[in-house]
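>>> Could you look at this predicted model? Sequence included:
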Amino acid sequence: MIDLTGLASVLGSTMGAWYDFRDLNNLQRLITEWIADWGPDWLASIIAGVLGTLGILGVIGPTLLILIWVERKVIARFQQRYGPNRVGPKGLLQPVADAVKLILKEQLAPRAADKLIFFLPPVLIFVPGVLIWGVLPFGPRMSVADLNVGVLFLLAVSGTTVLVIFMAGWSSNNKYALFGAMRAVAMSISYEVPMVLALLTLVVFSGTMSINGIVQWQQQEDVIFILLFPLSAIAFFFAASAELNRTPADISEAESEIVAGYHTEYSGMRFGLFYAVELGNTLVVSAFIATFFLGGWWLWGLDQWVPSWIILLVKTGAVYFLLIWTRGTLPRLRVDQLMGFCWKALVPATLLFVVVAFVERTLLVSEGWDTTVALPVMAVINIALTLGAILLFARVSRPAPLRRPARIRMAGAQIGGLRAARQVASRTEEPQLQVGGD
Amino acid sequence: MTTADDTRLAMQGTIEALTTGDGSEPVVVNLGPQHPSTHGVFRLKVTLDGEIVQDAEMRIGYLHRSMEKLAEERTYTQNIPFTDRIDYLAAMSNNLAYCLAAEELLGIQVPPRANAIRVMFAELQRVASHAMANGTFINDCGAWHTPLFHMFRDRERVLDMFEMTCGARLTTNYMRIGGVAFDLPDELLPTLEQFLADMPENIANYEALLLENEILHARARGIGVISPEMAINSSLSGPVLRATGVPWDLRKANPYCGYEDYEFDVPVGEQGDCFDRFLVRMAEVKESLRILRQVVDNLPDGPWLADVPLHARPEPGESYARVESPRGELGFYLVSDGGPAPYRFHCRPPSLINLSALKEMSIGGTLADAIVTLGSIDIVVGEIDR
């Protein structure tokens, strides 16, 4: 056994110093305190905001370039390919080459497009894409704005993206783009409901709307929310992947149906911006899933030793891999099936769990139950409820054609037309292959 | 009529729809000729009410290369490369059907080894073509290319075998009137053995990935349904027909190249929907592997090409030969006037005739269903337009 007390005292003594990289807030505070010594307060707070924003932008930009490479490599491995491996070592410079190509390409606009509204979306879509990072807690004191209504801010900002998408689809004067935009609006409105309800469970149970507060609640109670409310986590994951236009819910840019959806008419870097923001949103949604349901920057005390933002990054990476995995595996749902799944399965199920959260919260707070005993019991009950809800809704919401199994029979000696077909169909022996059905 | 008149008429139509109807009018959307999922330069013009298909119109001819007319100027042997390019995903089957028709016209007996090799390559071609068909079908259902790339792995191995035998992968030009162009190379049989040994595991992997996939079921079950009566009346053939439950396979119904000597079964579906077509193709690959196993075990020795004059001049007459290509009944009709070139060269392409049922299948479904249905029919535009 290694004696860690010495190391702990060294780490403890560095707590709060600017070179303590477990909390990058220290560095920022050093600068703002120095400004506050000789300058006015407002200058210090403006500089603090600018520093935070620059820090985030400086991190996101390069991360996105690496992420493009990671996603392409991982998908390629799923598909028995190598993926990009020509430009730079292991193909790492491929995203840079792509970006340069996109910047150099001509920016085309359809003659009949509404020029101003066509020009705006690639710029506007950046605003929510960057704003949303502001409330993400990278550590106990590491978020640009630790709002006490952070959850509300998150939902409000992420909801504005759909307006930009609709502007893009409408102004392009292209039928594919219009279809994509319409689908995006319908889907976004639908999937915001289970998303809000899933977060409401956490808000109700932890009693705070601050995102950092939710993480700190998980730290305090020594439990992560995916164990307490697994269905909310699943619903949030699916709803988020729908909002992100990723398979199995990428109907608004379904390649095989409507070419590229709302950004069909965008070329060059305008398309590149849409693509980059979409990827950035995927990353930030993974980070928020990690924050809400996997404990964020906290990991059973390890955050005392390892910088909290690295813990968050690892958890984000795990969720991101899950998103890539689903994308690489699943086919796409149809528009009506996607809406049906939302309204018939996700909304009632998440609503049920809001009620469950209310009841359990009341038991904990008003009745004063001991959390060390009550929380594990509640976790077991909720996991059982989740499994029950999934099985129930899988049964109830199953469309009629899927209730019969699909069968393949062997014709044997019967070869011919309708009569032979009837003879084969009337045979009673086991079919060669039977899949699906109730 | 001037452009202004056009615009005014269109405006009138819009105003009428807005004032008299429920305020909506159908949208006409062109899928193709350049579209990610039309499998070539094929144009599907759909009239949509929201997402529901009201009318579908198929526009073909973008890949017309006038093969049938060109073939009337070339000798019977020179026409074989044309058949590669009719259905470029099943070149061997096309070679075979044409050579059978020419042999019938010339009255040529094919040596037994040539027949076995022909069966071998026709079945390998079926494996490759079905890998492509099922892979792109899942892609049309919205998967991100993963099943396609996995199935392409098998197709690549088949094409490698084609390459080592005749030097070409896609447009093989391998069959000859009276046999095949080259004997099997030494390295082919070990490669084929390895392929036959690996395939069951690969197919088990695809089935594990796809057969119980709920999303695939939701997208393909009960979609693009066609009844057996309608299928027969539309003269459909191949997996599209067999998925409706009609056990019609030319390898059984009208055997050629000694198919009667091999033991295999004809898989048929029940519902006639897109998922059944997919399942029938999966099952057919397994049956093809069964045939290949028997071919390898009973490969006769001897010549692989009959003695045929290079510039054969058949007696005046006509012949029609048909084979079960991966897409259905592929027939070649040849008329000879006694000259060195056919007087008439006609191809009955299964894709064109199977496609004719698309309108029937897609009306009433959504746009996404029409795409899935189109993918499940497995068209090759080169064969439709020729």
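Arrived safely.

>>> C-alpha only now, for contacts and for neighbours.
Noted.

>>> mind listing what B:Glu260 touches?
B:Glu260 is in contact with B:Arg251, B:Lys252, counting by CA atoms under 8 Å, 6 or more residues apart in numbering or on different chains.

>>> part of a strand, is it?
No. Counting by DSSP: H, G, I helix; E, B strand; the rest coil, B:Glu260 falls outside a strand, being helix.

>>> Roughly how far does it sit from B:Ser237?
20 Å (CA to CA, to the nearest Å).

>>> wait, isn't A:Phe118 in contact with A:Ala168?
Yes. Under the criterion of CA atoms under 8 Å, A:Phe118 makes contact with A:Ala168 at 5.9 Å.

>>> Those two: which has the busier surroundings?
Legend: neighbour count by other CA atoms under 10 Å in any protein chain shown for A:Phe118 and A:Ala168, higher for A:Ala168 (30 against 20).

>>> For the closest residue to chain A within chain B, grab the count of nearby residues.
Nearest residue of chain B to chain A: B:Ala143, at 3.8 Å (CA to the nearest CA). B:Ala143: 27 surrounding residues under other CA under 10 Å.

>>> you'd agree it is up against A:Gly328?
Yes. Applying CA under 8 Å as the test, B:Ala143 and A:Gly328 come out as touching, 7.3 Å apart.

>>> for stretch B:106-120, the distance to its chain's centre please.
23 Å (CA atoms, centre = their mean, to the nearest Å).

>>> which of the residues in that stretch are buried?
B:106, B:108, B:110-120 (16 or more other CA atoms under 10 Å in any protein chain shown).

>>> How about stretch A:57-73?
A:Ile60, A:Leu64, A:Leu65, A:Ile66, A:Leu67, A:Ile68, A:Trp69, A:Val70, A:Glu71, A:Arg72, A:Lys73.

>>> I'd like those residues as CSV, with pLDDT appended.
Formatted as CSV, the buried residues of stretch A:57-73 follow (pLDDT from 0 to 100):
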residue, pLDDT
A:Ile60, 80
A:Leu64, 85
A:Leu65, 85
A:Ile66, 87
A:Leu67, 87
A:Ile68, 88
A:Trp69, 90
A:Val70, 89
A:Glu71, 89
A:Arg72, 89
A:Lys73, 91
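
>>> Mind checking which of the residues you listed are in helices?
The helices, defined by DSSP state H, take in A:Ile60, A:Leu64, A:Leu65, A:Ile66, A:Leu67, A:Ile68, A:Trp69, A:Val70, A:Glu71, A:Arg72, A:Lys73 from the buried residues of stretch A:57-73.

>>> Show me which pair in those is furthest apart.
Largest separation among those by CA to CA: A:Ile60 and A:Lys73, giving 19.3 Å.

>>> thought A:Leu131 was touching A:Val157?
Yes. If you go by CA under 8 Å, A:Leu131 and A:Val157 touch, sitting 7.3 Å apart.

>>> mind checking the SS state of the residue of chain B closest to chain A?
Three-state call for B:Ala143 (three-state DSSP): coil.

>>> Now A:Ala186: phi and psi?
Here is the backbone geometry of A:Ala186 (degrees, to the nearest 10): phi -60, psi -40.

>>> Kindly provide the distance from whatever residue of the stretch 51-200 of chain A ends up closest to chain B to A:Thr326.
At 5.0 Å from chain B, A:Gln79 is the closest residue in the stretch 51-200 of chain A, using CA to the nearest CA. Using CA to CA, A:Gln79 is found at 13 Å from A:Thr326.

>>> mind listing what B:Glu51 touches?
Counted by CA under 8 Å, 6+ apart, B:Glu51 has contacts B:Thr366, B:Leu367.

>>> try A:Thr201
A:Phe229, A:Ser232, A:Phe353, A:Val354, A:Ala357, A:Phe358.

>>> how about the residues you listed in CSV, adding distance to A:Gly340?
Shown next, in CSV, are the contacts of A:Thr201 (distance: CA to CA, whole Å):
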residue, distance to A:Gly340
A:Phe229, 23
A:Ser232, 18
A:Phe353, 19
A:Val354, 21
A:Ala357, 25
A:Phe358, 27
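
>>> So how do I select the buried members of these in ChimeraX?
In ChimeraX, a selection of the buried entries from those looks like this (16+ other CA under 10 Å):
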select /A:229,232,353,354,357
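
>>> Need the max-distance pair from the contacts of A:Thr201.
Using CA to CA, the contacts of A:Thr201 span at most 13.9 Å, a distance reached by A:Ser232 and A:Phe358.

>>> tell me which element the residue of chain A found nearest chain B falls in.
Residue nearest to chain B within chain A: A:Pro331 (3.8 Å; CA to the nearest CA). Taking DSSP states H and E as the definition, one finds A:Pro331 inside no helix or strand.

>>> can you count the residues close to it?
A total of 28 residues lie near A:Pro331 under the criterion other CA under 10 Å.

>>> Please tell me the pLDDT value assigned to it.
A:Pro331 carries a pLDDT value of 88.

>>> quick one: it and B:Thr146 touch, right?
No. Using CA under 8 Å as the test, A:Pro331 is too far from B:Thr146 to be in contact (9.6 Å).

>>> Spell out which parts of the stretch 201-350 of chain B neighbour chain A.
Residues of the stretch 201-350 of chain B found near chain A (CA under 8 Å from any CA of the partner chain) are B:211-212, B:215-219, B:221-222, B:228-229, B:232, B:245-249, B:252-253, B:265-271, B:275-276, B:279-280.

>>> Tell me where the chain has strands.
Just so you know, I chose chain A. A:406-410, A:433-435 (DSSP state E).

>>> The intended chain is chain B.
Under DSSP E, chain B gives strands at B:27-31, B:43-49, B:52-59, B:175-176, B:179-180, B:267-268, B:317-325, B:328-336, B:344-348.

>>> now, of the ones you listed, which is deepest in the fold?
strand B:267-268 (a mean of 32; mean count of other CA atoms under 10 Å in any protein chain shown).

>>> Partner strands of that strand, with direction?
Strand B:267-268 has the following sheet partners, assigned by DSSP bridges: strand A:406-410 (antiparallel).

>>> Just give me how far the strand it pairs with sits from the chain centre.
40 Å.

>>> For stretch B:66-84, which outside residues touch it?
Contacts for stretch B:66-84 (CA under 8 Å, 6+ apart): B:86, B:90-92, B:94-95, B:98-99, B:102, B:170-173, B:175-177, B:310-312, B:340-347, B:386.
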